[in-house]
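Visitor: Coordinates for the following, if possible.
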Amino acid sequence: MSPTPTQTPTQQQPVFLRARWCDLLLAQYAVDERVLAPLVPRGLELDPWHGKHVVSLVAFRFLRTRLKGIAIPFHTDFDEINLRFYVRRVVDGVERRGVVFIKEIVPRLAIATVARLVYDEPYVALPTRHRVEPDRVDYAWKHRGRWDRVAGSRAGEPTLVVDGTEAAFITEHYFGSTRRRDGSTHEYQVEHPRWRTWNASDVTIDVDASALYGAEFGVALAAAPQSVFIAEGSDVVVRGGVRIA
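Guide: Numbers count the residues shown, from 1 in each chain. Got it, this is the predicted structure:
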């Protein structure tokens, strides 16, 4: 389980988290560069897809979660819903492609609190629920008394992600970056094998994005997504973060 060669850092950090990510629904939206630019951590630049800047609304299941090898009771299996965008930087002539999270939703207050206070990750705790069937995934979360929802059906047979496709661009950013309170940027590596994906059909996206993410993202997410697909997922490894120069 390792990233593609062009994503490999020169020195790996110790493993921070192991888990299984599964049944991912990913919806992509075009967003004006001016909306994302103020959110880019220092030392990084936006990574466009064919000239467009994209955010992904992602809902999935965390299973068998271990923090530094330890399973925390009642905190191993849970839903996560996040909104993220894509960045890159060049290190020793090698491009590293990563993601920055705008907001991450989990149902466990302890997870959200630790992530915010210790790691400056934009987590919030909200009630969530899911229904995963052989041919369909359905996720919901409650915000300001309203249940937001994303759902879709698996269309056809799954295919392994192919280089040069949008699915590869979305799923194969193998670094995460966070702007810390002191203005510095921390970067961590994510490892997983290449995933199989389905095109999603019969898609439902009913989200009050303005209330959750702000008016500018509300405008972007009010449009139809440019793509929606479902990823099978896999076991993942998240390594400890480091401050980048």
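Visitor: Neighbours of residue 176, how many?
Guide: 20 (other CB atoms under 10 Å). Any C-beta I mention is one placed from the backbone N, CA and C, and that applies to glycine too.
Visitor: least trustworthy helix or strand in this structure by mean pLDDT?
Guide: For the chain, using mean pLDDT, DSSP states H and E, the weakest element among its helices and strands is helix 109-119, scoring a mean of 87.
Visitor: moving C-terminal of that one, what's the next helix or strand?
Guide: Stepping forward along the backbone from helix 109-119, the first helix or strand reached (DSSP states H and E) is strand 123-125.
Visitor: Mind listing the strands that following strand pairs with, and their directions?
Guide: Paired neighbours of strand 123-125 in the sheet (DSSP bridges): strand 94-106 (parallel).
Visitor: tell me the angle the partner strand makes with helix 109-119.
Guide: Here strand 94-106 points in a direction 140 degrees away from that of helix 109-119 (axes from the mean of the first three to the mean of the last three CA atoms, to 10 degrees).
Visitor: average pLDDT for stretch 175-182?
Guide: Model confidence over stretch 175-182, given as mean pLDDT, is 94.
Visitor: Find me the pLDDT at residue 72, would you?
Guide: The confidence metric pLDDT takes the value 73 at residue 72.
Visitor: And what about it, helix, strand or coil?
Guide: At residue 72, secondary structure determined by DSSP: H, G, I helix; E, B strand; the rest coil is coil.
Visitor: which residues does it contact?
Guide: Each residue near residue 72 by CB atoms under 8 Å, 6 or more residues apart in numbering is listed here: 65, 110.
Visitor: Over to the one 5 residues further on?
Guide: Shown here is residue 77, whose contacts under the criterion CB under 8 Å, 6+ apart are 61, 62, 63, 64, 65.
Visitor: I'd like to know which of these is nearest to residue 167.
Guide: Ranked by distance to residue 167 (CB to CB), the contacts of residue 77 are led by residue 61 at 19.0 Å.
Visitor: hmm, back to that, narrow the contacts of residue 77 to just the buried residues.
Guide: Burial of the contacts of residue 77 was assessed by neighbour count (16 or more other CB atoms under 10 Å); the buried members are 61, 62, 65.
Visitor: so how far does stretch 166-184 reach from one end to the other?
Guide: Using CA to CA, to the nearest Å, the end-to-end distance of stretch 166-184 comes out at 30 Å.
Visitor: buried stuff in that stretch?
Guide: Neighbour-count burial for stretch 166-184, with 16+ other CB under 10 Å as criterion, is recorded at 166-179.
Visitor: what's the farthest-apart pair in those residues?
Guide: Comparing all pairs in the buried residues of stretch 166-184 by CB to CB, the longest separation belongs to 167 and 179, at 27.5 Å.
Visitor: Make CSV out of the buried residues of stretch 166-184 and add secondary structure.
Guide: What follows is the buried residues of stretch 166-184, written out as CSV (three-state DSSP):
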residue, secondary structure
166, helix
167, helix
168, helix
169, helix
170, helix
171, helix
172, coil
173, coil
174, coil
175, strand
176, strand
177, strand
178, strand
179, strand
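Visitor: Reformat those into a markdown table and put distance to residue 152 next to each item.
Guide: Converted to a markdown table, the buried residues of stretch 166-184 look like this (distance: CB to CB, whole Å):
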| residue | distance to residue 152 |
| --- | --- |
| 166 | 16 |
| 167 | 14 |
| 168 | 19 |
| 169 | 19 |
| 170 | 15 |
| 171 | 16 |
| 172 | 21 |
| 173 | 21 |
| 174 | 25 |
| 175 | 27 |
| 176 | 25 |
| 177 | 28 |
| 178 | 29 |
| 179 | 31 |
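Visitor: Closest one to residue 209 out of those residues, please.
Guide: Distance from residue 209 was checked for each of the buried residues of stretch 166-184 by CB to CB. The minimum falls on residue 170, at 18.6 Å.
Visitor: Many thanks, I have nothing further to ask.
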